[in-house]
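Asks: Provide a 3D model corresponding to the input given below.
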Amino acid sequence: MKSGPNATMLERREKTIYAVDDSPEMQTILQMAVKGAGYDLVSANGGAECLSNLKLRRADAFLVDFQMPGMDGLTLCREIRNLEGYKDTPIIFLTVRNTHSDIKTCLEAGGNDYIVKPVNAKTLIQRVDHWVLKRDGKEDAAHARSA
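Replies: Here you go, the predicted model:
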């Protein structure tokens, strides 16, 4: 990592986060939070659009809605994990579903973490920073927790 007071902002600027959510309101919230923190952001309205965008631009992490029409977040997560070079790329689920079973399902599908909606921008950026900037090797999915 770079050192100095602007190190985090410089590191964020070098990273691309994909936000995959079918809600325009949620896309706006994610764009404000993620871009506001200095990350580059690629928005996708669903799984198919996300996978298509990946052919043009690499992702350093994904924020994925659990429930979407067409390809849901679980299916998208599995598809991402099957792509070359994305086995360990952080995937954070965004969900209104917060039962133990739902969270376990997200993690078993290949997700690294989850955030319960409504999303708190500060928590979101802390989680993205954790997975994208501060991880040193593989993280244990057991560290996942609710916001």
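Asks: shaky segments in this protein?
Replies: 1-7, 135-147 (pLDDT under 70).
Asks: any chance you could map the strands in it?
Replies: Using DSSP state E, the strands assigned to the chain run over residues 16-20, 40-44, 61-65, 91-95, 113-116.
Asks: Work out the sheet partners of the first one and label each with its direction, please.
Replies: Strands adjacent to strand 16-20 in the sheet, as given by DSSP bridges, are strand 40-44 (parallel), strand 61-65 (parallel).
Asks: Serialize these to JSON lines and add fields for mean neighbour count and distance to residue 89.
Replies: From N, CA and C alone the C-beta is placed, and that goes for glycine too. Shown next, in JSON lines, are the strands paired with strand 16-20 (neighbours: other CB atoms under 10 Å; distance: least, CB to CB, whole Å):
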{"stretch": "strand 40-44", "mean neighbour count": "20", "distance to residue 89": "13"}
{"stretch": "strand 61-65", "mean neighbour count": "26", "distance to residue 89": "6"}
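Asks: what about the ones you listed, which gets the closest to residue 105?
Replies: Shortest distance between residue 105 and the strands paired with strand 16-20, using CB to CB, is found for strand 61-65: 12.9 Å.
Asks: ok, the spatially closest residue to residue 44 that is not a sequence neighbour - contacts?
Replies: The shortest distance from residue 44 to any non-neighbouring residue, by CB to CB, 6 or more residues apart in numbering, is to residue 50 (3.9 Å). By CB atoms under 8 Å, 6 or more residues apart in numbering, the residues touching residue 50 are 18, 20, 44, 62, 76, 80.
Asks: any idea which of those residues is closest to residue 128?
Replies: Distances from residue 128 to the contacts of residue 50, taken by CB to CB, are shortest for residue 62, at 10.1 Å.
Asks: At which residues are the helices of the protein located?
Replies: In the chain, the helices defined using DSSP state H lie at 7-13, 24-36, 47-54, 73-82, 100-108, 121-132.
Asks: The spatially most central residue of the chain pairs with what?
Replies: With the centre of the chain defined as its mean C-alpha position, the nearest residue by CA atoms, centre = their mean is residue 63, 2.4 Å away. Listed by DSSP bridges, the beta-bridge partners for residue 63 are residue 19, residue 92.
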